[in-house]
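Undergrad: here is my input; please provide its structure:
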Amino acid sequence: MTDSLSAILETAPERVATGFELTEGPLWDAEGGWFYFVDTRQSRLYRVTPGKVAEVVCENPGGVNGTTFDLLGRIVICESPSRRVVRLDADCRVDVLADRFEGKRLNRPNDVTCRSDGSIYFTDPGLRVPLAERELPYSAVYRVTPAGDVSLIADCEYPNGLAFSPDERVLYVANSRSVQYIHAIELDADGNMARRRIFADMSSDSTAGVPDGIKVDVEGRVYCAGPGGVWVFAHDGTRLGIIPTPENPSNLAFGSPDLRTLFFTARTSVYTLRVKSPGVAHARFRGR
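TA: Numbers count the residues shown, from 1 in each chain. Have a look, this model is predicted:
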């Protein structure tokens, strides 16, 4: 571990649940005091409190991947196989938020996050959709407004995980294919792209893992699941190091009451470790 990471971390990863097929979609519920996550192969949404057994919240036949809350506390899920973004009510009934853009079917929504104005941003990579089934010619980041309008924010090669900077002026997006890096999409006051730049290079000789889920702490550090573990970058894009993980991670979330527990999904298991700086609170819980 580098000196830079030693200044950030308090503990090594600890496995809190295992026996799954492919975990994703971690999400901290500050009101319930537990983490949600999904098993994409089983199409199940789980929740777990460290030290207790994970329990199934619901099975979602449309598929599961990235998750977030809306401002009212309803869980929003990317249904990658069904090519749509949905919202679950308390009984796990589905309300479709987005399945088309300009009348054309989405590709394969992957990850999702919520802005403090209630807008839902999600990534929609297309390279895993057979050419004959693609209706949209590009992969992109989209926004769904509280009124339900869908707009294109940025065209990308293969957008994956995404997260806002602490002030929500920058949207970080992982690019997970031929050139592996993190975009920094600078937003205007209306939440549209003003400009874009490469924030950090995540090139690796490893064949295990790609830039995937992203989260940000209150100091502006960017944590991204990637080859070999969780990659950590300073707010200026300087790489601070890679936190080695027992299994290749897919996504992560900050949780616990002090937001200093880093919970990450990794293949068959989910893990936690403790960090010294808290993560940025979900928009639903800010100011509480």
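Undergrad: tell me the contacts of the closest residue to Ser82 other than its chain neighbours?
TA: Spatially, and ignoring its direct neighbours in sequence, Ser82 is nearest to Gly62 (3.8 Å; C-beta to C-beta, 6 or more residues apart in numbering). Yep, even glycine has a C-beta here, placed from its N, CA and C like the rest. Going by C-beta atoms under 8 Å, 6 or more residues apart in numbering, Gly62 touches 43, 79, 81-82, 84, 86, 94.
Undergrad: helix or strand for Leu27, which one?
TA: strand 23-29 (DSSP states H and E).
Undergrad: helices or strands up against the host helix or strand of Phe199?
TA: In this structure, Phe199 sits in strand 193-201 according to DSSP H and E. Packed against strand 193-201 by the contact rule (3 or more C-beta pairs under 8 Å, 6 or more residues apart in numbering; DSSP states H and E) you find strand 150-156, strand 180-187, strand 222-226, strand 229-233.
Undergrad: same for the helix or strand that that strand is followed by, what does it pack against?
TA: Going down the chain from strand 193-201, the next helix or strand is strand 214-216, by DSSP H and E. On a contact count with 3+ C-beta pairs under 8 Å, 6+ apart, strand 214-216 meets strand 159-164, strand 170-176, strand 222-226, strand 251-255.
Undergrad: sheet partners, orientation included, of the last one?
TA: What it means is strand 251-255. Using DSSP bridges, the strands paired with strand 251-255 are strand 261-266 (antiparallel).
Undergrad: could you give the mean pLDDT of the partner strand?
TA: On average, the pLDDT along strand 261-266 is 98.
Undergrad: who's in contact with that strand?
TA: By C-beta under 8 Å, 6+ apart, the surrounding residues in contact with strand 261-266 are 13, 16, 23-26, 28, 35, 37, 50, 213, 215, 223, 225, 230, 245-255, 270-275, 279.
Undergrad: mean pLDDT per helix and strand in this protein: which one sits at the bottom?
TA: helix 3-6 (a mean of 79; mean pLDDT, DSSP states H and E).
Undergrad: how far is that helix from where the chain is centred?
TA: How far helix 3-6 lies from its chain's middle: 24 Å, per C-alpha atoms, centre = their mean, to the nearest Å.
Undergrad: now it: buried residues?
TA: Leu5 (16 or more other C-beta atoms under 10 Å).
Undergrad: where does the residue lying farthest from the centre of the chain land in three-state SS?
TA: Computed with C-alpha atoms, centre = their mean, the residue of the chain farthest from its C-alpha average is Ala132, at 28.3 Å. Following DSSP: H, G, I helix; E, B strand; the rest coil, Ala132 is assigned to helix.
Undergrad: the closest residue to Ala17 other than its chain neighbours: what's it in contact with?
TA: What sits nearest to Ala17 in space, not counting adjacent residues and going by C-beta to C-beta, 6+ apart, is Ala54, at 4.4 Å. The contact partners of Ala54, by C-beta under 8 Å, 6+ apart, come to 17, 37, 46-48, 270.
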